[in-house]
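**Student:** need a 3D model of the following:
(chains A, B, C and D)
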Protein chains: 2
Amino acid sequence: MRVKSGNGKNAVNQIPEPTLRRLPGYLNFLKVLRTNHVEFVSSGQIAINFKMDSTLVTKDLSYTGIKGRTKIGYNVDQLIDTIIAFLDFNKQENAFLFGVGNLGKALIKYQGLRSYGLNIIAGFDTNPSVVNTVLNDIKIHPVDEFRDLSRKFNVRLAIITTPDARAQEIADLVVAWGIKAIWNFTPQSIKVPDNIIVENTSVYSDLAVILNRLNQ
Amino acid sequence: MRVKSGNGKNAVNQIPEPTLRRLPGYLNFLKVLRTNHVEFVSSGQIAINFKMDSTLVTKDLSYTGIKGRTKIGYNVDQLIDTIIAFLDFNKQENAFLFGVGNLGKALIKYQGLRSYGLNIIAGFDTNPSVVNTVLNDIKIHPVDEFRDLSRKFNVRLAIITTPDARAQEIADLVVAWGIKAIWNFTPQSIKVPDNIIVENTSVYSDLAVILNRLNQ
DNA sequence: AATATATTGTTATTTTATTAACAACTCTGT
DNA sequence: ACAGAGTTGTTAATAAAATAACAATATATT
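**Tutor:** Here you go, the predicted structure:
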């Protein structure tokens, strides 16, 4: 049996994913420059910082629609605003988080995410020791209450930080109630309908890269 | 100024990074199969699970040296062992962790990493409220004690989970004392000599992808 | 025993991403 | 005014990754 890839690529699919993944890094660097009152930056300077080719930086930035000035570079303030708008970091995307263990707690407490457009509005867990507690003004509910809350708030994104074995059942639950995207922090691969967006974040891939580089 | 990429690619560079990043996912899936007493698996079955092309799975697995059997597939137990050995998940790589905040604590407490070859042997922080505490049998030291401990243990890997502004100074410190690789969880890009391995893990890239998919 | 078929594993092709080349431009210094 | 150099932004070439094609083979079925 030869299985063909199921990439639903009827959509426009404009920006390359590698570019999308690099932009937040540029943004962070630019914010440091702004703090240091740097007014203009060239793609070459950015490239040096990230040890990459300056052409690639120029190309990445061109996707955002920013215009640079020959011999001068890009206006730092303007570039920051442009990237933030391009990445939708200026809108607030509400999210529910499932599994308030160590990682879940860390994400809830991490203020950084809020200024990057992610607004966790409620946590869910089954463990009585965290249920009904409040972390950073965010209440942790029993999982049963998810249906009611999902009706009250129009939430499109669910973050899964449960133990591995629970990931699929939570995915099934949230999909059944209209969630559009899942950010899966467990190493478990989850099965969802094709129209649901899944982003897997697992430290094991990064660890594999590090160990490989160290041992080769 | 045209900046050229500084990829130190004089090394052999055998396995493609995308392959390396996919292998831990396969491994996790295989462990589930083993739990369910499945003896053989084909690349097609793995491909369906991850919604990818089966040829790619075959190719990925071939890098590990595993041999499959026509019409049968791969022996699950053997494949697990082969991938674990290939990724060096069976060796224990000792690591120091800097910055015992929410994320740092989560990583220290996360037992999963230990069975994937990562052994955090000490934490470091400047905050008196965590210094000299013990988490999961792992002691948190003041940063001053790093030099002594780095002499005592031969540690090659440093994990940075400090506030952004501290990332560079910690990087400088650990590089000065012989660390070979840095796993940087801050969004801050750090400058290190070319021979030092840096792996950046930032949730912002993943967030950018999710928001882009949701809003397009 | 012969046939059909699922599967591996390799090679070829296509697609995607990166790097190189270069024209156009604009600022600085003479 | 003019030369020179740094820079953008686009197009061309190269490199890398993913997909397709297919030969070889082992198993199950008739």
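**Student:** anything in the longest strand seen in chain A sitting right up against chain B?
**Tutor:** Taking DSSP state E as the criterion, chain A has its longest strand at strand A:118-125. Yes. Under the criterion of Cβ under 8 Å from any Cβ of the partner chain, chain B is reached by strand A:118-125 at A:Leu118. C-beta: built from backbone N, CA, C; applies to glycine.
**Student:** give the other helices and strands that that strand contacts.
**Tutor:** Using 3 or more Cβ pairs under 8 Å, 6 or more residues apart in numbering or on different chains; DSSP states H and E as the contact criterion, the neighbours of strand A:118-125 among helices and strands are strand A:93-98, helix A:102-109, strand A:138-142.
**Student:** tell me how many other residues surround A:Val143.
**Tutor:** Here the number of neighbours of A:Val143 (other Cβ atoms under 10 Å in any protein chain shown) works out to 17.
**Student:** run through chain A and note the low-pLDDT ranges.
**Tutor:** By pLDDT under 70, the weakly predicted segments of chain A are A:1-13.
**Student:** quick one: the helices in it?
**Tutor:** Listed from the start of the chain, chain A has helices (DSSP state H) covering A:17-35, A:43-50, A:54-63, A:76-86, A:102-109, A:146-152, A:167-176, A:203-215.
**Student:** the second one near DNA strand C anywhere?
**Tutor:** Which is helix A:43-50. No. With Cβ under 7 Å from any atom of the strand as the criterion, DNA strand C is not reached by helix A:43-50; the gap is at least 8.8 Å.
**Student:** rebuild the helices of chain A as TSV, extending it with mean neighbour count.
**Tutor:** Compiled in TSV, those are given as follows (neighbours: other Cβ atoms under 10 Å in any protein chain shown):
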stretch	mean neighbour count
helix A:17-35	18
helix A:43-50	20
helix A:54-63	18
helix A:76-86	18
helix A:102-109	22
helix A:146-152	14
helix A:167-176	18
helix A:203-215	20
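**Student:** picking that back up, kindly reformat the helices and strands packed on strand A:118-125 as JSON lines containing distance to A:Phe86.
**Tutor:** Formatted as JSON lines, the entries for the helices and strands packed on strand A:118-125 read as follows, by distance: least, Cβ to Cβ, whole Å:
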{"stretch": "strand A:93-98", "distance to A:Phe86": "15"}
{"stretch": "helix A:102-109", "distance to A:Phe86": "24"}
{"stretch": "strand A:138-142", "distance to A:Phe86": "28"}
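**Student:** A:Ser202 is nearest to which of those?
**Tutor:** With Cβ to Cβ, the closest approach to A:Ser202 among those belongs to helix A:102-109: 11.2 Å.
**Student:** now do the contacts for the closest residue to A:Thr126 other than its chain neighbours.
**Tutor:** Counting by Cβ to Cβ, 6 or more residues apart in numbering or on different chains, A:Val143 is the residue found nearest to A:Thr126 once chain neighbours are left out, at 5.7 Å. The contact partners of A:Val143, by Cβ atoms under 8 Å, 6 or more residues apart in numbering or on different chains, come to A:Phe98, A:Phe124, A:Asp125, A:Thr126, A:Ile170, A:Leu173.
**Student:** quick one on the thing from earlier: mind checking which of the helices and strands packed on strand A:118-125 is nearest chain B?
**Tutor:** helix A:102-109 (3.8 Å; Cβ to the nearest Cβ).
**Student:** list of residues touching the closest one?
**Tutor:** Among residues not part of helix A:102-109, those counted as contacts by Cβ under 8 Å, 6+ apart are A:97-98, A:100, A:113, A:120, A:123, A:125, A:135-136, A:138, A:159, A:161-162, A:185, B:102-103, B:105-106, B:109-110.
**Student:** which of these are buried? Put it as a PyMOL command.
**Tutor:** With 16 or more other Cβ atoms under 10 Å in any protein chain shown as the criterion, this PyMOL line picks the buried residues out of the contacts of helix A:102-109:
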select buried, (chain A and resi 97+98+100+113+120+123+125+135+138+159+161+162+185) or (chain B and resi 102+103+105+106+109+110)
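**Student:** related to what we said a few turns ago, between the contacts of A:Val143, which is nearest DNA strand D?
**Tutor:** Using Cβ to the nearest atom of the strand, A:Ile170 is the member of the contacts of A:Val143 that sits closest to DNA strand D, with 27.6 Å.
**Student:** that closest one reaches A:Leu97, doesn't it?
**Tutor:** No. In this structure, A:Ile170 sits apart from A:Leu97 without contact. The criterion is Cβ atoms under 8 Å, and the distance is 10.4 Å.
**Student:** need the overlap of contacts for the two.
**Tutor:** Shared contacts of A:Ile170 and A:Leu97, defined by Cβ under 8 Å, 6+ apart, comprise A:Ala158.
**Student:** if we can go back for a sec, between the longest strand of chain A and strand A:138-142, how big is the angle?
**Tutor:** Angular relation of strand A:118-125 and strand A:138-142 on a 0 to 180 degree scale: 30 degrees, by axes from the mean of the first three to the mean of the last three Cα atoms, to 10 degrees.
**Student:** export strand A:118-125 as PDB, just CAs?
**Tutor:** The C-alpha trace of strand A:118-125 is given here as PDB (Å, rounded to 0.1, in the frame of the first residue of the first chain):
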ATOM      1  CA  LEU A 118      -2.400  34.400  22.800                       C
ATOM      2  CA  ASN A 119      -4.900  34.900  25.500                       C
ATOM      3  CA  ILE A 120      -5.600  31.800  27.600                       C
ATOM      4  CA  ILE A 121      -9.000  32.400  29.200                       C
ATOM      5  CA  ALA A 122      -9.500  29.200  31.100                       C
ATOM      6  CA  GLY A 123      -7.700  26.000  32.200                       C
ATOM      7  CA  PHE A 124      -9.200  22.600  32.600                       C
ATOM      8  CA  ASP A 125      -8.100  19.600  34.600                       C
END
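**Student:** contact partners of it?
**Tutor:** The set of residues that contact strand A:118-125 without belonging to it, under Cβ under 8 Å, 6+ apart, is A:92-100, A:104, A:107-108, A:113, A:130-131, A:135, A:138-143, A:145-146, A:149, A:153, A:155, A:157, A:159, B:207.
**Student:** same thing but 7 Å
**Tutor:** Taking contacts as Cβ atoms under 7 Å, 6 or more residues apart in numbering or on different chains, the residues outside strand A:118-125 that touch it are A:92-100, A:104, A:107-108, A:131, A:138-141, A:143, A:146, A:149, A:153, A:155, B:207.
**Student:** how about stretch A:168-188?
**Tutor:** Residues from elsewhere that reach stretch A:168-188, judged by Cβ under 7 Å, 6+ apart: A:98, A:103, A:146-147, A:150, A:155-162, A:164, A:167, A:190-193, A:196-202, A:204, B:24, B:28, B:206, B:210, B:213-214.
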